[in-house]
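> With the sequence up front, the predicted model follows.
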Amino acid sequence: MTAAVRTARAGEVAVFAGLTLLGAGAFLGGLRYGLFTDNDRIGPGMMPAVAGALLCALGAVLTFRCLTGSDGGNEGTSRDQGDGVDILGRTQAERIRHLWIVFCLLLLAILAVAVLGFLVAFGAFVLVVSVYVERRGAITSLAIAVGACVVIYLVFELFLHVPLPTGLLGV
């Protein structure tokens, strides 16, 4: 294993371990808000707890796979084409850099919720990831971001009656 591959593998392990910890934190935070209300309705902590548990489990599996070098028995369907470039033309180093960028943007979005509110911070996060990380067109990215915000609003505000954080701006 070359030094570059070891460095890339260490970067993947760090990102996946970070996502595992972030998921565990979201799960514990969701428990703090409560999974159910007094009248047995879904509480404000249910979604963060479920999403956090899923993120924690996925991060743990990916961390384990990186540490053991296991690809889950998918030798014939690897994302690499033998030269270290995936089907989208990204090298291993680019994929690691994209993981770090998304991880940092997610942390910024979480911090922005207190100021901008959840919907604005989430929409900006989706838009930035779509445009700058995934290199999608501006119109497509905007449609994805707006669509994601509409779905979140419909599910939480209208269906579950769980208010989303509005932030200092009251949005």
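On my side now, so go ahead. The structure presented is a predicted model; accordingly, all values stated were derived computationally and were not measured.

> C-alpha only now, for contacts and for neighbours.
Will do.

> Can you tell me which helices and strands the one helix or strand residue 13 maps to packs against?
With the criterion set as DSSP states H and E, the secondary-structure element containing residue 13 is helix 3-33. With contacts taken as 3 or more CA pairs under 8 Å, 6 or more residues apart in numbering; DSSP states H and E, helix 3-33 sits against helix 46-68, helix 92-116.

> and the angle from the shortest one to helix 3-33?
What separates the directions of helix 46-68 and helix 3-33 is an angle of 160 degrees, with axes from the mean of the first three to the mean of the last three CA atoms, to 10 degrees.

> and for helix 46-68, what are the contacting residues?
9, 12-13, 16-31, 34-36, 71-72 (CA atoms under 8 Å, 6 or more residues apart in numbering).

> Quick one: mean pLDDT for that helix?
For helix 46-68, the mean per-residue pLDDT is 91.

> Pull the distance from that helix to the chain's centre.
11 Å (CA atoms, centre = their mean, to the nearest Å).

> tell me which residues in that helix are buried?
Taking 16 or more other CA atoms under 10 Å as the neighbour-count basis, helix 46-68 is seen to contain the buried residues 46-60, 62-63, 66.

> What of the longest one?
The neighbour-count check on helix 92-116 (16+ other CA under 10 Å) flags 92-93, 95-100, 102-103, 105-106, 109-110, 112-116 as buried.
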